[in-house]
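Predicted model, plus sequence, below.
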Amino acid sequence: MSVRSDIQLGVHVGQQNATMAELVALWKRLDERVDWISIWDHLYEAPPAGGTTPHFEAVASLSALASVTTKARLGCLVFCVPYRNPALLAKSIVAIDHLSQGRFEPGFGAGWHQPEFIAHGYDFEQIGVRFDQLTEGLEIISGMLGPDESTTYSGEHFSVDAVTCVPGPYDREIPLWTGGRGPTRTPATAARFCSGWNVPYVGPDEYRRLNERLDAACETIGRDPATLERSVNLAFHLGATPDAATAELQRIRDQWGAEAERVAAGALTGTPEDAVEQVAAFRDAGADMVNVALRLPVDHEALDAYLDVVIPAAHSEIS
């Protein structure tokens, strides 16, 4: 397994429970500090609450994100392929890529949030069918974003007929990502189509095991595993002070009970000093990038500690 000597640090922001003005202000602030900013593709809030939390759609939000930032790599972790015609999504991706001047790196998945599927009129198919839709979608999207003048594909779920994508990417091939911890189809999808893979909310030991699966999937098709970038999203439970860190850990125990240890393993916890050690542990397990996943509203003192203390210290410690 390839292990880099440096690390990228980022933030994954759920675009819910905030005004667009508040999101824009947060994105601008993050752009000055982090290597990566991503959002998700949900139509309802996550975790589910019956569609009662204010929430913004992904494509429009990504256009805003691309327009108000200038430095960070931008991602979507991950587009739910069953929600959109893949050819239309490819065109949207190109527009966002141009708005960001080549900083956009979209991710793709099969979807999981059943309440929003049903509420918005989408069939919530069995997971195998949704993965079939993901594969067909990536056949089309990777073709349209690639060097060929046109793309023709006929599948069970999606088809295109000599479709063109003009203009193409802004200034380079757009890196495609996928995400998840599935044992077979996720690694195969990452190895075949993608430049990057992300998994949320696992500890370093589990992350290492999943990385080994990715390595094996790459080797099966003759791909160098080192060419596939790896990232992890960690729930944000950092405390700016020892007392705040203790209180945040207790909140995990109160909320999750017997599952608290598992949840804490996939979270950034403790003090800023503890967090630097956690980042290093994921780097050693094969991560090229560590992102914290924010659920708004956020503890501003904790976020300040992440941006102003953890990120510089982690870069200095690991580089």
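That came through fine. Residues are numbered from 1 along each chain as shown.

next one: phi and psi at residue 288?
phi -90, psi -20 (degrees, to the nearest 10).

Also residue 23?
According to degrees, to the nearest 10, residue 23 has phi -60, psi -40.

for it, what are its contacts?
Neighbour list for residue 23: 13, 15, 56, 61, 64 [criterion: C-beta atoms under 8 Å, 6 or more residues apart in numbering]. For the C-beta atoms, the positions are set from N, CA and C on the backbone; glycine is no exception.

In TSV: the residues you listed, plus pLDDT and secondary structure.
Below are the contacts of residue 23 laid out as TSV (pLDDT from 0 to 100; DSSP: H, G, I helix; E, B strand; the rest coil):
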residue	pLDDT	secondary structure
13	97	strand
15	97	coil
56	98	coil
61	98	helix
64	98	helix
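
Among those, which one lies nearest to residue 311?
Closest approach to residue 311 among the contacts of residue 23 (C-beta to C-beta): residue 13, at 15.6 Å.

My guess is the closest one contacts residue 34. True?
No: Residue 13 lies out of contact with residue 34 (C-beta atoms under 8 Å); the separation is 10.5 Å.

Following element in sequence after the helix or strand harbouring residue 262, please.
Assessed by DSSP states H and E, residue 262 sits inside helix 260-265. Going down the chain from helix 260-265, the next helix or strand is strand 267-270, by DSSP H and E.

Which neighbours in the sheet does that next one have, and how are they oriented?
Taking DSSP bridges as the criterion, strand 267-270 forms sheet pairs with strand 229-238 (parallel).

show me where the stretch 151-300 of the chain has strands.
151-154, 159-163, 177-179, 196-200, 229-238, 267-270, 289-294 (DSSP state E, counting those that start in this stretch).

for the shortest one, packing partners?
Packed against strand 177-179, as judged by 3 or more C-beta pairs under 8 Å, 6 or more residues apart in numbering; DSSP states H and E, are the following elements: strand 73-80, strand 104-109, helix 185-193, strand 196-200.

Alpha carbons only: can I get the helix or strand harbouring residue 94 in CSV?
According to DSSP H and E, residue 94 maps onto helix 86-99. Extracted C-alpha coordinates of helix 86-99, given in CSV (Å, rounded to 0.1, in the frame of the first residue of the first chain):
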residue,chain,number,x,y,z
PRO,A,86,-25.7,11.2,-16.5
ALA,A,87,-25.3,13.2,-19.7
LEU,A,88,-27.0,16.2,-18.1
LEU,A,89,-24.8,15.8,-15.0
ALA,A,90,-21.7,15.7,-17.1
LYS,A,91,-22.7,19.0,-18.6
SER,A,92,-23.3,20.5,-15.2
ILE,A,93,-19.9,19.2,-14.0
VAL,A,94,-18.2,21.0,-16.9
ALA,A,95,-19.9,24.3,-16.1
ILE,A,96,-18.8,24.0,-12.4
ASP,A,97,-15.3,23.1,-13.5
HIS,A,98,-15.1,26.3,-15.6
LEU,A,99,-16.6,28.4,-12.8
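
Perfect, that will be all.
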